[in-house]
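*Asks:* Below are the sequence and a predicted model; questions follow.
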Amino acid sequence: MAANGREEIIAVVSPRSLGGTSLFETTESITKENVQEFYSDDAVIQATCSALKQRGFRILQVSPTTISIAGTPELFREIFGAEVRKQRQEIMPGFEREVFNVTEETSHQVLQAPPDLSDLIEGVTIPHSTHPCLPLPSPPLVQPDPNAYRYLLVP
């Protein structure tokens, strides 16, 4: 993604949770009954946004549980130690785009905040690029009712 003429990576930051368990480390499903344990205090969210802005990140979206940020590959490498590489990805037959992906060594790891941000941030993750136009490897979980409107039936 490019902003202001520079290439950027988008990531998701988890500020410190009120319940004390990291959003990235929980072993239980997050449901409507327990989601508030993963909310962050408003002051922590604001302090995290401010600290990330001061370091050069753009704040894209803020929610009670996460903050979406954007920054250059160099900034992610410097602040979080993320090794990323640019590669071409086929999005549908005959069409490609350039994307940034984390290296294989860090592809399934939660990036840790540097010591000066560790009291605010539980972890950071860089979403993997997807293949939006490729067919699903399995059939849909629920088949449409045979009496459904015709527009629900995909050829």
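*Replies:* Good, I have the coordinates. Numbers count the residues shown, from 1 in each chain.
*Asks:* Please make it C-alpha for all contacts and neighbour counts, starting now.
*Replies:* Fine.
*Asks:* Tell me the first helix or strand C-terminal of the helix or strand containing A51.
*Replies:* If you go by DSSP states H and E, A51 is part of helix 42-54. Downstream of helix 42-54, the next assigned helix or strand under DSSP H and E is strand 58-62.
*Asks:* Note down every partner strand of that next one and its orientation.
*Replies:* Note on strand 58-62: by DSSP bridges, its sheet partners are strand 67-71 (antiparallel).
*Asks:* what residues does the partner strand touch?
*Replies:* 8-15, 45, 49, 56-62 (C-alpha atoms under 8 Å, 6 or more residues apart in numbering).
*Asks:* Can you tell me which of the residues you listed are classed as buried?
*Replies:* 8-15, 45, 49, 57-59 (16 or more other C-alpha atoms under 10 Å).
*Asks:* Give me the below-cutoff pLDDT ranges for this structure.
*Replies:* 1-5, 101-109, 128-146, 148-155 (pLDDT under 70).
*Asks:* rewinding a little: want to throw the buried ones among the contacts of strand 67-71 into JSON lines with distance to G123?
*Replies:* Below are those laid out as JSON lines (distance: C-alpha to C-alpha, whole Å):
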{"residue": "E8", "distance to G123": "19"}
{"residue": "I9", "distance to G123": "16"}
{"residue": "I10", "distance to G123": "14"}
{"residue": "A11", "distance to G123": "10"}
{"residue": "V12", "distance to G123": "9"}
{"residue": "V13", "distance to G123": "6"}
{"residue": "S14", "distance to G123": "6"}
{"residue": "P15", "distance to G123": "7"}
{"residue": "I45", "distance to G123": "13"}
{"residue": "C49", "distance to G123": "14"}
{"residue": "F57", "distance to G123": "15"}
{"residue": "R58", "distance to G123": "17"}
{"residue": "I59", "distance to G123": "16"}
